[in-house]
Every structure is written in structure tokens, then in C-alpha cells.
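# sequence and predicted structure below; questions after.
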Amino acid sequence: MKAAMNPDTTSTVDDLVSRSKSKFAELRGQRLAQYEDTVERAQQKLRDLTNDLADLTDSLGRNARGAVRRVDDFAHDNPWKTAGTIAAVAALAAAIAVLIARRD
């Protein structure tokens, strides 16, 4: 058998349940707003990172092209010095290869 509740108690319980539901809805809304804010900040950071990476890639490309141009200019302006340097590096590489081959 179900016990009868006092009407004041029933009203108080109903009021408490109603306020609790309202508070939970408010908290859920706040959490959703915090989540949306966090997602937006993360997306902005990702956009910033993508832009920074694109800038870095462009900068590296420009620097590499500049270095290639300077080497090309040097080689055209100093062909004998360039040939001598290449020959010296090749001789050094060959000497190292012979030493490694003898070691084994």
C-alpha cells in the first residue's frame, strides 16, 4: 500500500524537482557554450598553424631558390675554382671509400 504524502511535502518536492531540472538545463547550456568556445579556439589555432606552416614553406622555398641562384652564379663566375673544389671533394670521398673497404 502506498503511503499518502502531505500536500505541502508534495508541493515542496515538485518545486525542488522543477528547480533541479531548470538548474541542470542551465548547466547543460553553460557546458555547451564552453564546449563550443573550446572547439572554436581549437579551430582558430589550427587555422593559425596552417597559415604559419604555409608561410614557413614559402620562406623555405624562397631561401632554397636564392641559395641555388648564388651557387649557380658562383659556379659560372669561378668555373676553375668550382671544378677544383668538386675534384677535391670527389678525391676525399674516394679515399674514405678505400679506407672503409680495407677495414672490412
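Yep, that arrived.
# let me see the mean pLDDT of the helix or strand where residue 10 lies.
Remark: residue 10 resides in helix 7-77, with elements defined by DSSP states H and E. The pLDDT scores in helix 7-77 average 87.
# now do it: distance to the chain's middle.
Its chain's C-alpha centre and that of helix 7-77 lie 11 Å apart, by Cα atoms, centre = their mean, to the nearest Å.
# and the residue nearest the centre of the chain, how far from residue 43?
Centroid-nearest residue in the chain: residue 49, 5.8 Å away (criterion: Cα atoms, centre = their mean). Taking Cβ to Cβ, to the nearest Å as the measure, residue 49 falls 11 Å from residue 43. Heads up, the C-betas are built off the backbone N, CA and C, glycines and all.
# what about residue 82, neighbour count?
Burial of residue 82 is recorded as 14 neighbouring residues (other Cβ atoms under 10 Å).
# please name the nearest non-neighbouring residue to it.
residue 75 (4.5 Å; Cβ to Cβ, 6 or more residues apart in numbering).
# count the neighbours of the one you found for me.
Under the neighbour criterion other Cβ under 10 Å, residue 75 is assigned a count of 14.
# next one: the one 10 residues further on
Residues contacting residue 85 under the criterion other Cβ under 10 Å number 13.
# residue 84: neighbour count?
11.
# ok, the one 3 residues further on next?
As a burial measure, the neighbour count of residue 87 was computed by other Cβ under 10 Å and equals 10.
# check residue 1 and give its pLDDT.
44.
# can you offset everything so residue one is 54?
With 54 as the first residue, the last one maps to residue 54.
# what angle do the helix or strand hosting residue 152 and helix 60-130 make?
Using DSSP H and E, residue 152 maps to helix 132-156. When axes from the mean of the first three to the mean of the last three Cα atoms, to 10 degrees is applied, the directions of helix 132-156 and helix 60-130 differ by 110 degrees.
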